[in-house]
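>>> pasting the sequence and the predicted coordinates here, then a few questions.
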Amino acid sequence: MFKRSLKWLVPIFIVGLAAVGYGVVEKTKPEIEPQKSLETIVTVKTQVLEPKSHKVLISSFGEVVPLERTALATQVSGEVVSWHPSFVAGGVVKRGEVLFTIEKDNYEAAVLQAEAELAQSQAALIEERAKAKVAQQQAKNIANTQVSDLYLRIPQVLSAEARVKSAQAGLKRAKRDLANCDIESPYDALVVSRNIGVGQYITAGTQVAEINNIETAEIMVPIAGFDAPFLPKNIIGTKANIIAKGRLETTREGQVMRDLGVVDSATRMVTMVIRVEDPYGLKSQLSPLPFGSYVEVRFFGKTVADLYAIPQELVSDDRVWLVDPDDRLIPKPVHVLREEKSSFYIDSGLNKGDVLVLTVPEFPQIGMQVIRADNGNAAGETQ
């Protein structure tokens, strides 16, 4: 009987003990503060859009090359007796400076001989004219039928005059050859190479040096297809900025001189020629632009109206985020007309007065409620 009662009492005791323990735990547990609701509305910076006119900036790259390259040759033969100290590879010579001199004795003698021949022919002409004058006086006493041109010495006078002209031409050639013994620089030049030395005998027509004109340089820059529609109709004379980047950045001014007039069959690009005066800075204190430098060329093209300038980081998948009148996010597809520096220029998809989000949330959602923090500026202003 006792064992049967024990079977019922043990479970009841265990249940009671558990109830007492639960009550103790409930009384001694720490109080838990109620959780506050998470803030889901984000604050964004915005900007009211305003369309502006924009002057398109066209940029390209090209190599600085000389306007003229001359393979210098002599017009006379002879021995080289001297040359200019700067007439060496890498030397710079000015317009009109004597680069080298050929021995002149023979050519000075030729001038003296030509002068003597001219004097003889002039004397002969004077004599023939005097004889012709005597013949004219005598012809007055002779019947006209017996007077001929030969009697009046007209052919002899013409022949003497021809000899004088021939002697004058000979003297002119002799003086020219003498002058050509001093080979002068045709322009301010950079000497690329020299093939002669003192004591060397050279013949007429021998190439003796190669020089480059440093009075003017040119840069041929290709214009990409997306830039070509923005080239102005009358582009000749447009000012351009030339930027050479190296250890030190050099900026020079140039001018658009011409269009090569052809479209490259491989790249479909047109090529503009930019001219730079005094590239080596000989006549100024400007930094030089050596031939062979690879430079950037920038110049302004057409002006396009009603564009919106948007920072590139705000355009993703050809759309931007706007804030509607209820302060909710909405995506807006746009068309990017051009990219310049850090901005995209939008020509369609936006309207005047649209509110652009400048600080897009990390995970933006359509219809997300936001709080605007306007900075009072208008986007779309050209730089």
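Thanks, I have it.

>>> low-scoring stretches of this protein, by residue?
Applying pLDDT under 70 to the chain flags residues 1-40, 141, 143-147, 149, 151-152, 374-383.

>>> go with 50
For the chain, the stretches flagged by pLDDT under 50 are 2, 36-38, 375-383.

>>> name the helices or strands packed onto the longest strand along it?
Assignment by DSSP state E gives strand 294-311 as the longest strand of the chain. Other helices and strands packing on strand 294-311, by 3 or more Cβ pairs under 8 Å, 6 or more residues apart in numbering; DSSP states H and E, are strand 52-66, strand 216-223, strand 239-244, strand 343-348, strand 370-379. Where you see a C-beta, it was placed from the backbone N, CA and C, and this is true even at glycine.

>>> just the buried residues of the next helix or strand after it, please?
As assigned by DSSP states H and E, the chain's next helix or strand after strand 294-311 is strand 319-323. Neighbour counts over strand 319-323 (16 or more other Cβ atoms under 10 Å) mark 320-323 as buried.

>>> strand partners of the longest strand of the chain, parallel vs antiparallel please.
Sheet pairing of strand 294-311 (DSSP bridges) gives strand 52-66 (antiparallel), strand 239-244 (antiparallel), strand 343-348 (antiparallel).

>>> and stretch 237-250, how far from the chain's centre?
Centre-to-centre, stretch 237-250 and its host chain are 8 Å apart (Cα atoms, centre = their mean, to the nearest Å).

>>> buried set for it?
For stretch 237-250, by 16+ other Cβ under 10 Å, it's 238, 240-242, 244, 250.

>>> who touches it?
The contact list for stretch 237-250 (Cβ atoms under 8 Å, 6 or more residues apart in numbering) reads 219, 232, 251-256, 274, 276, 287-289, 293-300.

>>> which of these count as buried?
Listed as buried from the contacts of stretch 237-250 are 219, 252, 254, 256, 274, 276, 288-289, 293, 295-297, 299; burial here means 16+ other Cβ under 10 Å.

>>> for those, which one is nearest L118?
V276 (49.1 Å; Cβ to Cβ).

>>> okay, stretch 119-129 in PDB with CA atoms only?
Extracted in PDB, the C-alpha atoms of stretch 119-129 (Å, rounded to 0.1, in the frame of the first residue of the first chain):
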ATOM      1  CA  ALA A 119      83.700  95.200-119.900                       C
ATOM      2  CA  GLN A 120      85.000  93.900-123.300                       C
ATOM      3  CA  SER A 121      81.500  93.300-124.600                       C
ATOM      4  CA  GLN A 122      80.400  96.800-123.500                       C
ATOM      5  CA  ALA A 123      83.400  98.300-125.200                       C
ATOM      6  CA  ALA A 124      82.500  96.400-128.400                       C
ATOM      7  CA  LEU A 125      79.000  97.600-128.200                       C
ATOM      8  CA  ILE A 126      80.100 101.200-127.900                       C
ATOM      9  CA  GLU A 127      82.300 100.700-130.900                       C
ATOM     10  CA  GLU A 128      79.500  99.200-133.000                       C
ATOM     11  CA  ARG A 129      77.100 101.900-132.100                       C
END
